[in-house]
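Colleague: sequence first, then the predicted structure:
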Amino acid sequence: MLDQVLIPILMHAAGLMVSLTMTTLVLFSVYSLAVIGERWWTFRRARLASAGLVRRVLASVEQGNPQEALELCERGKGSHVGPVLAAGLRELLPLASKNPGLHAGPALDRVTAAAREAIQRVTATEIGRLERHLTALATLGNISPFVGLFGTVIGVMRAFEAISRTGSGGLGTVSAGIAEALVATAAGLFVAIPAVTAYNHFVSRVKDCATEMDGAGSELLSWAQRTAAVESAVLRPGV
């Protein structure tokens, strides 16, 4: 009984469902391409803004200009490394002045621990910023083939319905439905392949950026500890 009611309804609405399927895939494609373009620009901007930033910042702090180093970090708009270095510098800045300077001891340990926590927080924030919209891109890549498959099924159903209506299985009878099915399948793949490829590429870039941020934070903390050890040795030459 259910089949006798449901199947005629589906057959009657098949044309509309195919149109909705194709419209959905077009919208998926537009959104996917927009996300790919926006993420490409974000990663390109981050790469250009972060190029050589660690070297310049460490050069400034080693020359006794931590405030200048902080300004370098804040000027790097779009950089993923700049905010990480800035977070660490803000914690180290009170102890980085020439008087009294960085010295090994409990105060340095506390500030270093605070700087490490600040660096970790900002790193997590920057990773979240770099991963923005990637979940949506992965979702589109996963579901688009199934949306296309839905259109394929509807097209095949229309082809068989045409056969049952005309009592003929000739090419002219089924060609329209088969064509719709093939177009829907192709459209689903057209959306899914670029989305999945871009998602994998951007995930790899996020991992690279996370490694760069970890390395930048480690270099800054290593500089602080190294400088403190040198200052302490200078003040206590006989020890």
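Modeller: Received, thanks. Numbering: from 1, shown residues only.

Colleague: please count neighbours and contacts with C-alpha atoms only from this point.
Modeller: Will do.

Colleague: which helices and strands sit right next to the helix or strand harbouring residue 141?
Modeller: Residue 141 belongs to helix 134-166 when assigned by DSSP states H and E. Applying 3 or more C-alpha pairs under 8 Å, 6 or more residues apart in numbering; DSSP states H and E, we find helix 134-166 packed against helix 2-12, helix 14-50, helix 171-235.

Colleague: now do it against helix 171-235, angle only.
Modeller: Counting by axes from the mean of the first three to the mean of the last three C-alpha atoms, to 10 degrees, helix 134-166 lies at 170 degrees to helix 171-235.

Colleague: buried ones in helix 134-166?
Modeller: 134, 137-138, 140-142, 144-162 (16 or more other C-alpha atoms under 10 Å).

Colleague: give the helix, strand or coil label for the closest residue to residue 48 other than its chain neighbours.
Modeller: Computed as C-alpha to C-alpha, 6 or more residues apart in numbering, the closest residue to residue 48 that is not its neighbour in sequence is residue 79, at 7.7 Å. Under DSSP: H, G, I helix; E, B strand; the rest coil, residue 79 falls in the coil class.

Colleague: now residue 79: how far from residue 139?
Modeller: Relative to residue 139, residue 79 is positioned 27 Å away (C-alpha to C-alpha, to the nearest Å).

Colleague: what does residue 152 give?
Modeller: In terms of C-alpha to C-alpha, residue 152 sits 20 Å off from residue 139.

Colleague: for residue 64, same thing?
Modeller: 49 Å.

Colleague: residue 151 now?
Modeller: On the measure of C-alpha to C-alpha, residue 151 and residue 139 end up 18 Å apart.

Colleague: burial count for residue 60?
Modeller: 17 (other C-alpha atoms under 10 Å).

Colleague: and for the one 4 residues further on?
Modeller: By the other C-alpha under 10 Å criterion, the neighbourhood of residue 64 contains 15 residues.

Colleague: what about it, is that helix, strand or coil?
Modeller: Quick answer, by three-state DSSP: residue 64 is coil.

Colleague: torsion angles phi and psi at it?
Modeller: Reported as degrees, to the nearest 10, the phi and psi values for residue 64 are phi 80, psi 30.

Colleague: circling back to that earlier point, show me what contacts the residue nearest to residue 48?
Modeller: Neighbour list for residue 79: 45-50 [criterion: C-alpha atoms under 8 Å, 6 or more residues apart in numbering].

Colleague: got a ChimeraX select line for the buried ones in the residues you listed?
Modeller: In ChimeraX, this line selects whichever of the contacts of residue 79 come out buried by 16+ other C-alpha under 10 Å:
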select :45,46,47,49,50
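
Colleague: and the contacts of residue 79 as TSV, adding distance to residue 212 and pLDDT?
Modeller: Listed next are these as TSV, based on distance: C-alpha to C-alpha, whole Å; pLDDT from 0 to 100:
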residue	distance to residue 212	pLDDT
45	15	93
46	11	93
47	10	92
48	13	92
49	13	90
50	9	90
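
Colleague: dump the contacts of residue 79 to a markdown table, plus distance to residue 185.
Modeller: Below are the contacts of residue 79 laid out as a markdown table (distance: C-alpha to C-alpha, whole Å):
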| residue | distance to residue 185 |
| --- | --- |
| 45 | 36 |
| 46 | 37 |
| 47 | 37 |
| 48 | 39 |
| 49 | 41 |
| 50 | 42 |
